[in-house]
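# sequence plus predicted model, see below.
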Amino acid sequence: MEIYCDNYVNYIYKEEDSLVEEYWYAESENMSEEELRDIMLILVNFFYEKKPKLFFSDMRNFLFVIHPDLQVWIDEVVSSVANKSMTKIARTMSSDFISQISLEQFFEEKHYSRIIKNKFFDNKKDAIDWLLE
């Protein structure tokens, strides 16, 4: 079931696995901070409603740089909801160096990465296999 799709991201929910899949597009480089916040709120509302246990994020084409103040907002809003149901998060990372640094910094510093099993992968197959084991 498709949750949301625009020029920046596509969210799909696989209810049988309690799995949300997130696919970022290269157009994310042109996204505004407000647009990212709006997208995160859509995701948060879905988390409240369905309480998925697994999350896969394909961030290889995520080219938006998350500044520290936005990192704090995302941590407060998104991770607080994720902590209520998520058990595992798997990610494939951006090939853009600056975006990747901001993402790694964000995921390593935030408290939910210590609560939820959180792992980075080079490809989707390995990530999904790990989530479903």
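Thanks, I have it. Numbers count the residues shown, from 1 in each chain.

# drop to CA atoms for contacts and neighbour counts, all remaining ones
OK.

# what about the residue sitting nearest the centre point of the chain, which SS state?
Among the residues of the chain, residue 57 comes closest to the average C-alpha position under Cα atoms, centre = their mean, at 4.9 Å. Recorded secondary structure, residue 57: strand (DSSP: H, G, I helix; E, B strand; the rest coil).

# bridging residues for it?
residue 22, residue 91 (DSSP bridges).

# list the contacts of it.
Counting by Cα atoms under 8 Å, 6 or more residues apart in numbering, residue 57 touches 21-24, 89-92.

# which two among the residues you listed are spaced furthest apart?
Maximum pairwise distance among the contacts of residue 57 (Cα to Cα): 15.5 Å, between 24 and 89.

# helices along this protein, start to end?
Ranges of helices within the chain are 33-50, 68-74, 80-82, 97-109, 112-115, 124-132, based on DSSP state H.

# may I see the buried residues of the longest one?
To tie it back to what came earlier, the one meant is helix 33-50. By 16 or more other Cα atoms under 10 Å, the buried positions in helix 33-50 come out as 36-37, 39, 43-44, 46-47.
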